[in-house]
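Undergrad: Here's a sequence, model it:
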Amino acid sequence: MKPSQNFYKPTFPEFVVEFAPGDFRSGLKSLKAINGADVQKVFEAGEIMAYLGRERVTVGPKAYTSVQCGKDPNDHIELNSDLVYINHSCEPSIAFNLSSPDVSKWNIQALRRIKVGEMLTFFYPSTEWSMDQPFECVCGTPSCLRTIQGAKYLSKQDLQARGYVSPWIIELVTERDGVSSSVMSRL
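TA: The predicted structure follows:
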């Protein structure tokens, strides 16, 4: 469940929700505090920005607020934190890296340099095979795909152009496209 503006309490010192009127208009911004001080710094490409933490994720049903965390259609988590406000972009700034078998190592990672005050975005099909609620994208980027339905409806090339794709999505695309694992091991 998304935290509301009325009861908002930040869950990560590095981020703050910017609430906006209307459905799906609020977003999460980068703040970057260091050791509780008001030192501000950018996130560099490849930097782990935050660990999700076991206490901030729960197994849940597929929903518009969940993130797929494995190959099975029922492998979804609810974020239970500010991270639920990270919106979609076809040219994302971050990735949800949920590839470790150790949940305590699940994190969000910068895909490029992120300045203080910048909205955080991720490419939803990088984790989602088939979206619970497909939508018309309004990111406005040059590579915008217009309709976001999930990785199932995209080419491997379209997915990989976004900077990060979860391993289970690559596996599902490989199965869909009929490429055997013996061929994949030689690539």
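
Undergrad: Quick check: residue 111 touching residue 163?
TA: Yes. In this structure, residue 111 is within contact of residue 163 by Cβ atoms under 8 Å, at 4.2 Å. Placement of C-beta: from N, CA and C, glycine included.

Undergrad: and for those two, which residues touch both?
TA: Listed contacts common to residue 111 and residue 163 are 92, 95; contacts here mean Cβ atoms under 8 Å, 6 or more residues apart in numbering.

Undergrad: Neighbour count: these two, which is higher?
TA: residue 111 (22 against 18; other Cβ atoms under 10 Å).

Undergrad: who are the neighbours in contact with the more buried one?
TA: The contact partners of residue 111, by Cβ under 8 Å, 6+ apart, come to 45, 92-95, 163-164.

Undergrad: could those residues go into a markdown table alongside pLDDT, distance to residue 129 and secondary structure?
TA: What follows is the contacts of residue 111, written out as a markdown table (pLDDT from 0 to 100; distance: Cβ to Cβ, whole Å; DSSP: H, G, I helix; E, B strand; the rest coil):
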| residue | pLDDT | distance to residue 129 | secondary structure |
| --- | --- | --- | --- |
| 45 | 94 | 26 | coil |
| 92 | 98 | 17 | coil |
| 93 | 97 | 22 | coil |
| 94 | 97 | 20 | strand |
| 95 | 98 | 16 | strand |
| 163 | 92 | 18 | coil |
| 164 | 96 | 15 | coil |
